[in-house]
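*Asks:* Sequence first, then the predicted structure:
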Amino acid sequence: MGLAEFSAPLNTKKLKEQQRDAVKALFGELNSDGELPDTWCHTPSGQPRFLDSDWRISISHTGQFVAVALCLNTAIGVDIQLEKNNKLHQYAEYLKWPKDQLFPRWCLYEATFKATQDITPDLIKKIGEINIPSNSDPFLCLDSWALCWSPVTGVSASLVCGDSLLKPSICTNLKFRPL
């Protein structure tokens, strides 16, 4: 898994273009040995998929941050949220989630959705009932392993994997770095 920051323009159209370029650059670094498929396509719902491969990919971007998560033979989901200027604040009461856990919990919801493709209305309720640890240790989330952390102040991130690959020794190696 890789998480990177890049210099973001003020123009929204240009930002989307630079996010795509940053995702491709980060993926290139993660695939430096060339063992992964070199391209992916998108499903009709927009989810990235490799063709004819057992590798799974999940991508997230917000502001000047991008994340790419890869896993072999099992579902994976990643989400990052920039907390500043985010409209999510207005949903805290509706979701009945503690305001101090709003962004980590939303990231967990998004990453879980990406990993499981669970589109049931109960997913928000289930995520609301999960005890997210205050440290960045992996924990069980429904039928998957999850990790919630803040790579830098004002940014929340979550990683969800259908396999027990998220062991503490691996999780401590997840690092934020500028692109």
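*Replies:* Arrived safely. Note that this is a predicted model, so its numbers are computed, not measured. Residues are numbered from 1 along each chain as shown.

*Asks:* ok but residue 27 is inside a helix, no?
*Replies:* Yes - under DSSP: H, G, I helix; E, B strand; the rest coil, residue 27 falls within a helix.

*Asks:* Can you tell me the closest non-neighbouring residue to it?
*Replies:* Leaving aside its sequence neighbours, residue 27 sits nearest to residue 68 (CB to CB, 6 or more residues apart in numbering; 5.2 Å). Heads up, the C-betas are built off the backbone N, CA and C, glycines and all.

*Asks:* hang on, the one you found packs against residue 76?
*Replies:* No - Residue 68 is not in contact with residue 76 according to CB atoms under 8 Å; the separation is 10.2 Å.

*Asks:* which residues do the two both contact?
*Replies:* 57, 58 (CB atoms under 8 Å, 6 or more residues apart in numbering).

*Asks:* returning to that earlier point: just list whatever residues bridge to the residue nearest to residue 27.
*Replies:* Taking DSSP bridges, one obtains residue 2, residue 59 as the residues bridged to residue 68.

*Asks:* Show me the shaky parts of this structure.
*Replies:* Where the chain drops to pLDDT under 70, the residues are 10, 85-86, 164-179.

*Asks:* Mind jotting down where the helices sit in it?
*Replies:* For the chain, the helices defined by DSSP state H occupy 12-30, 92-95, 102-116, 122-129, 168-171.

*Asks:* Pick the most buried one from those helices.
*Replies:* helix 102-116 (a mean of 24; mean count of other CB atoms under 10 Å).

*Asks:* what residues does that one touch?
*Replies:* 47, 58, 60, 75-81, 83, 86, 88-89, 91-92, 95, 97, 118-119, 123-124, 127-128, 130, 132, 141-144, 146, 148, 150, 156-162.

*Asks:* Buried ones only from those, please, as a ChimeraX command.
*Replies:* Selection of buried members from these for ChimeraX, criterion 16 or more other CB atoms under 10 Å:
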select :47,58,60,75,76,77,78,79,80,81,83,86,92,95,97,124,127,130,132,141,144,146,148,150,156,157,158,159,160,161,162
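
*Asks:* Count the neighbours of residue 82 for me.
*Replies:* Residues lying near residue 82 (other CB atoms under 10 Å) number 16.

*Asks:* What residues are bridge-paired with it?
*Replies:* On the basis of DSSP bridges, residue 82 is bridged to residue 155.

*Asks:* Would you check that my belief about it contacting residue 66 is correct?
*Replies:* No - in this structure residue 82 lies outside contact range of residue 66 using CB under 8 Å: 11.4 Å.
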